[in-house]
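K.L.:
Here is a sequence with its predicted model. Questions after.
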Amino acid sequence: MAVLTLLDPERKEIRDPKDIKTFMNDRGIIFEQWQASLPLKDSDSQETILKAYEHELGPYMKKHGYQSADVINVHKDTPNVEAIRAKFLNEHTHSEDEVRFFVDGEGQFFFHLADRQEVFKLLCEKGDFISVPKGYTHWFDLAPKYHVKAIRVFQTPEGWVASYTNSGKEQKYNQ
């Protein structure tokens, strides 16, 4: 179950999925919750995982012009896990939407929306879908659990490359 935490200008926690969806959608960020069409096991292949969510993923990809999807699985035993974590801890943008569906585990998206002068984070867990529009300033943390299994969706692989803002804004919020 997702948890939205408003960090600046006020501190407040929101746990109701409908309220989280409204908050995120009002800011142009798509947030939904999806269910698998078949039971999954930890050992399931990428193909099995993608098939389990095809009923949600296929129409979404077609509607928004996405070309490919894959599954990532990062955990405490992943080689260079700290380097992987560090890569996304700095505020950045992308030239295409960042689309993630959490199959298992968790991760935190932090957002710095300068036009609204607010900073908030969304803890995403199993069943949570998020689409961060291109150009939105954000960063991501897979700590403290270091376990993220997620479907990633792309228009082009090159579009997902991070463009760092070098603002330093994330330093106040990263642990």
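P.N.:
Thanks, I have it.

K.L.:
What strands line up against the longest strand anywhere in the chain, and which way round?
P.N.:
Longest strand of the chain, by residue count under DSSP state E: strand 98-113. Next to strand 98-113 in the sheet, as set by DSSP bridges, lie strand 118-125 (antiparallel), strand 128-132 (antiparallel), strand 138-141 (antiparallel), strand 148-154 (antiparallel).

K.L.:
Just give me the residue right at the centre of the protein.
P.N.:
Arg100 (4.8 Å; C-alpha atoms, centre = their mean).

K.L.:
Can you spell out which residues form a bridge with that residue?
P.N.:
Beta-bridge pairing for Arg100 (DSSP bridges): Ile130, Arg152.

K.L.:
ok so, going back, can you put the strands paired with strand 98-113 in CSV and add mean neighbour count?
P.N.:
Heads up, the C-betas are built off the backbone N, CA and C, glycines and all. Output for the strands paired with strand 98-113, formatted as CSV (neighbours: other C-beta atoms under 10 Å):
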stretch, mean neighbour count
strand 118-125, 20
strand 128-132, 22
strand 138-141, 22
strand 148-154, 21
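
K.L.:
and of those strands, who's closest to Gly58?
P.N.:
Between Gly58 and the strands paired with strand 98-113, the shortest gap by C-beta to C-beta is with strand 148-154, which sits at 10.8 Å.

K.L.:
any idea how far the closest one is from the chain center?
P.N.:
8 Å (C-alpha atoms, centre = their mean, to the nearest Å).

K.L.:
Quick check: what element follows that strand along the chain?
P.N.:
Later in the chain than strand 148-154, the nearest helix or strand by DSSP states H and E is strand 163-164.

K.L.:
helices or strands up against that next one?
P.N.:
In terms of contacts (3 or more C-beta pairs under 8 Å, 6 or more residues apart in numbering; DSSP states H and E), strand 163-164 is packed against strand 92-93.

K.L.:
which residues are contacting the strand it packs on?
P.N.:
Identification of contacts with strand 92-93 by C-beta atoms under 8 Å, 6 or more residues apart in numbering yields Lys134, Gly135, Tyr136, Thr137, His138, Trp139, Ala162, Ser163, Tyr164, Thr165.

K.L.:
returning to what we had before: the residue nearest to the centre of the chain contacts Phe129, correct?
P.N.:
Yes. In this structure, Arg100 is within contact of Phe129 by C-beta atoms under 8 Å, at 7.4 Å.
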